[in-house]
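K.L.:
Give me coordinates for this.
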Amino acid sequence: MDTRIVERAKSGDREAFDKLAREAMPKMRGFLWRMIGHPEDCEDIVQTALAKAWKAIDWFDGKSAFSTWLVAIASRAAIDFLRSQSRWRTESQVAYANLCAESEEWQHIAYCFVCIGRSLPPDEQAALVLRDVMEFSNREAANVLGTSESVLRHRLSAARQAMQGRYEGLCALVSKTGICHQCT
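P.N.:
This next block holds a predicted model:
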């Protein structure tokens with residue numbers, strides 16, 4: 001990371017901040033896409049996270065990558081958003097699978113995971129996405145979520161157990177018995 005760009009951003013240089021944000025955007029959008037699923041809602045949360053990051057840029061200490069810091073801000077915004085929404089029913093996966101089969105624009109595997117995730121409590125879903133999809137280490141994921149590693153491991157275990165319990169027999173990926181029939 002170029003510390004000069006960070007220092008310029010901290011001194012109020014919006015162009016420097018935008019450069020940092022552009023480089024971090026794929027990681028943040030990837031996380032949000034898997035948490036939220038709906039493109040317009042994701043973009044709203046992207047804008048919210050960027051606005052919060054700009055206001056809090058002085059708090060960025062450089063101990064982690066800027067993209068990780070931005071994902072942390074986005075994760076809190078996503079969790080707040082999801083807490084305000086109803087959890088998805090297990091049957092949502094079937095509805096979205098059918099929608100994905102009708103359109104090449106929709107990536108089935110991404111929506112399959114979103115449907116499963118949206119049936120979980122937001123904190124558990126975030127732990128699952130950060131560890132199993134984004135491949136953050138336990139320490140990185142715990143830092144992003146502002147919790148301890150033991151709490152992260154507990155949330156991750158609860159999410160995996162709930163996911164397997166709800167989708168056993170319905171999704172070959174979750175039950176680890178093969179590939180999703182929609183993806184073959």
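K.L.:
What score does Ser64 have for pLDDT?
P.N.:
Per-residue pLDDT puts Ser64 at 87.
K.L.:
same question but for Ala97, I mixed them up
P.N.:
Confidence score, pLDDT, at Ala97: 59.
K.L.:
same check, this time on Gln182
P.N.:
Here the pLDDT value assigned to Gln182 is 52.
K.L.:
Check which helices and strands the lengthiest helix in the chain sits against.
P.N.:
Criterion DSSP state H: the longest helix present in the chain is helix 14-36. Contacts defined by 3 or more CB pairs under 8 Å, 6 or more residues apart in numbering; DSSP states H and E place helix 14-36 against helix 3-10, helix 39-55, helix 66-83, helix 108-118, helix 122-128. All C-beta atoms are positioned from the backbone trio N, CA, C, and that covers glycine.
K.L.:
can you list contacts of that helix?
P.N.:
For helix 14-36, the external contacting residues (CB atoms under 8 Å, 6 or more residues apart in numbering) are 5-6, 8-9, 42, 45-46, 49-50, 53-54, 57, 65-68, 70-71, 74-75, 78, 81-82, 110, 113-114, 117, 122, 125-126, 129-130, 133-134.
K.L.:
how about it: buried residues?
P.N.:
Within helix 14-36, the residues scored as buried using 16 or more other CB atoms under 10 Å are 16-17, 19-21, 23-24, 27-29, 31-36.
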